Every structure is written in C-alpha cells, then in structure tokens.
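Peer 1: Next one to model:
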Amino acid sequence: MNKKAQSQIITTVLIILLVLAAIVIVWQVVKGTVEGGSEEITSTTACIGVTIDPVSVSGVGTSTAAVNLQRTSGGTTDKIGWVVLVNGLTNVTSPADNSQDLGQLESTSVTIANLNATDNLEIAGKLGDSACGSTSDASVSDID
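Peer 2: As a prediction, this is how the structure comes out:
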C-alpha cells in the first residue's frame with residue numbers, strides 16, 4: 001500500500017513541475033511582446049509635439065540652396081535628427097553621427113540641390129532610423 005501512496009505523490013510533483021514549466025514558457029513569450037510594445041510606444045510618444053520649421057531659404061533656382069531649419073520648443077527635450085522631403089521624396093537627412101541633431105529652439109542650415117520656388121518642402125523629426133512623420137509642410141515660395 002505504501003507504493004501506491006508514493007506513486008501518487010510522484011505524479012502530483014511531476015504535474016506541478018509541468019505546470020511551472022508551462023508558466024515559465026508562456027511568461028517568456030508575454031514578456032517579450034510587452035517589452036517590444038513598450039519600446040515602440042516610447043519612440044512614438046517622443047515624436048509628439050516635435051516640430052521643425054523651415055525659417056528661411058536662399059539660393060533658390062541655383063545648383064545648391066540653403067534652407068535654415070529651426071526646432072520649436074515642444075516635444076521631447078532630447079536632441080532629434082531631421083528629414084527633409086522635396087516634393088514628397090527624401091532629399092536630405094541629418095548625419096548618422098548626430099552632429100546636426102536639433103535640441104529645442106536650435107537651428108541648422110541644410111544644403112539642397114536644385115531647389116525651385118515651386119517645390120514643396122516637408123520636414124520631419126527623426127529618432128534613430130525612423131522618421132516621426134511630417135511636422136512641417138511649406139512651399140518654397142512661402143518661406144521668408
């Protein structure tokens with residue numbers, strides 16, 4: 001009779017161990033999903049309120065034009081990069097070394113080849129390798 005009692009105890013212990021192993025496996029999957037989602041949310045919310053405006057342009061119609069960009073005071077306090085699209089196509093991005101990233105109220109000059117008065121500029125912030133979305137949209141002829 002003692003052998004029956006021992007086999008029931010062993011069976012119960014094995015079931016408990018299997019349940020614990022299943023919990024650990026499920027937790028690893030859930031944990032990875034939650035962490036990935038939180039990183040995406042963090043990078044997306046950092047873009048909220050970030051605006052980079054073209055404040056002046058010179059050399060329109062020449063082989064190289066200079067566009068001065070200025071970041072407003074909204075959004076994250078971290079420095080961010082920028083992307084300039086001319087007529088919807090990526091034309092110029094901030095250097096990968098972050099040397100021209102903009103903090104709040106900072107400005108920089110960007111050189112754009114063959115910029116015409118009829119072109120449309122869109123400027124977006126850039127965090128890492130992803131653009132935040134267009135924050136400023138202006139026709140070259142409307143920029144001071």
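Peer 1: Strands of the protein, residue ranges please.
Peer 2: Using DSSP state E, the strands of the chain run over 52-58, 64-71, 81-86, 89-93, 107-113, 120-127, 130-139.
Peer 1: Could you list the low-confidence segments of this protein?
Peer 2: Counting by pLDDT under 70, the chain has low-confidence residues at 1-4, 38-44, 90, 134, 144.
Peer 1: per-domain residue ranges of the protein.
Peer 2: Here the domain assignment for the chain is 1-47, 49-142, based on automatic domain parsing.
Peer 1: what's the span of the longest one from first residue to last?
Peer 2: Which is domain 49-142. 23 Å (C-alpha to C-alpha, to the nearest Å).
Peer 1: now stretch 98-106
Peer 2: 14 Å.
Peer 1: can you list the residues that contact it?
Peer 2: With C-beta atoms under 8 Å, 6 or more residues apart in numbering as the test, stretch 98-106 has contacts from 52, 69-75, 77-82, 94, 108. Any C-beta I mention is one placed from the backbone N, CA and C, and that applies to glycine too.
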